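> Any chance you can model this:
(one chain, ligands or ions: 1)
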Amino acid sequence: MPAEPASSPGPSSRHAGRVAIYPGSFDPLTNGHVDIITRGLGVFDRIIVAILVNRDKSPVFSADERIAMTREVFGGEGRVEVDTFDGLLVDYARRRGAHVIVRGLRAISDFEYEFQMALMNQRLMPDLETVFMMPAEAYTYTSSRLIREVFALGGSIDGLVPAAVLARLREKRAAGLLRP
Ligand code: PNS
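As a prediction, the model looks like this:
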């Protein structure tokens, strides 16, 4: 295919510095999320980890805590940006000039929900692509919710969350703020 002239605003301008948004609740960040972000860095130039701030939900970790934990984990990686968003994901993607959403797909059970979201987002923003990535097998059965529950009830979550997250989970549990 012939190269486009540098000044052309053709389709390839969309790919200049491939940026992907990785949206989610991240309550808290797990090693499964870390794995997807790391895999994403192998495909995209930059990943924006976009933490949903949903005023109707009461997460265990505040937005500030979730930002801090994620930045602690990816502090040395300049290609990972941590941000928050509320409202529609497509509006956030437009504001950020991104055309790719990355989502992790763990099991068939994730598929229906992810399929619905991807197609609804595509309807709302036709030039938005959702790219699914499979985490390492070791993380296919974990979720933030399950990790919170197991840890709240005294079970081991060794190897399932980064050290920075484990430390904060311990603080929450000690303060009685971690409910199963
Ligand atoms: O980690 P989660 O909770 O599975 O992430 C879900 C998330 C944040 C990606 C989804 O709830 C979302 O995009 N919410 C923003 C509101 C929105 O755009 N809703 C329509 C999606 S089709």
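> residue ranges of the helices in this structure, please?
With helices called from DSSP state H, the chain shows them at 31-41, 63-74, 89-96, 108-124, 144-152, 163-174.
> Could I get the buried residue list for the shortest one?
Looking back up the chat, that one is helix 89-96. For helix 89-96, the neighbour count (16 or more other CB atoms under 10 Å) marks 89, 90, 92, 93 as buried. Using the backbone N, CA and C atoms, a C-beta is placed for each residue, glycine as well.
> what does it rub up against?
Residues outside helix 89-96 that contact it (CB atoms under 8 Å, 6 or more residues apart in numbering): 19, 21, 23, 48, 50, 83, 85, 99, 101, 121, 124-125, 128.
> And the furthest pair within the residues you listed?
83 and 124 (19.8 Å; CB to CB).
> Looking at the chain, which residue is nearest the ligand?
In the chain, the residue that lies nearest the ligand is residue 24 (3.2 Å; CB to the nearest ligand atom).
> So for that residue, what's the pLDDT?
We have a pLDDT of 97 for residue 24.
> just to revisit the earlier point, next, give me the two most distant ones among the buried residues of helix 89-96.
Distances among the buried residues of helix 89-96 were taken as CB to CB; the most separated pair is 90 and 92, at 7.3 Å.
> Any stretches of the chain with poor pLDDT?
For the chain, applying pLDDT under 70 flags the ranges 1-16.
> give me that answer again for 80
Counting by pLDDT under 80, the chain contains low-confidence ranges at 1-16, 55-57.
> Pull up the residues of it that are close to the ligand.
Applying CB under 6 Å from any ligand atom, one finds that the chain approaches the ligand through 23, 24, 25, 52, 88, 89, 117, 120, 121.
> Could you rerun that using 5 Å?
Taking CB under 5 Å from any ligand atom as the contact definition, the chain meets the ligand at 23, 24, 25, 52, 88, 89, 117, 120.
> Just give the closest residue to the first one, not the sequence neighbours.
Yep, that's residue 23 we're talking about. residue 50 (4.3 Å; CB to CB, 6 or more residues apart in numbering).
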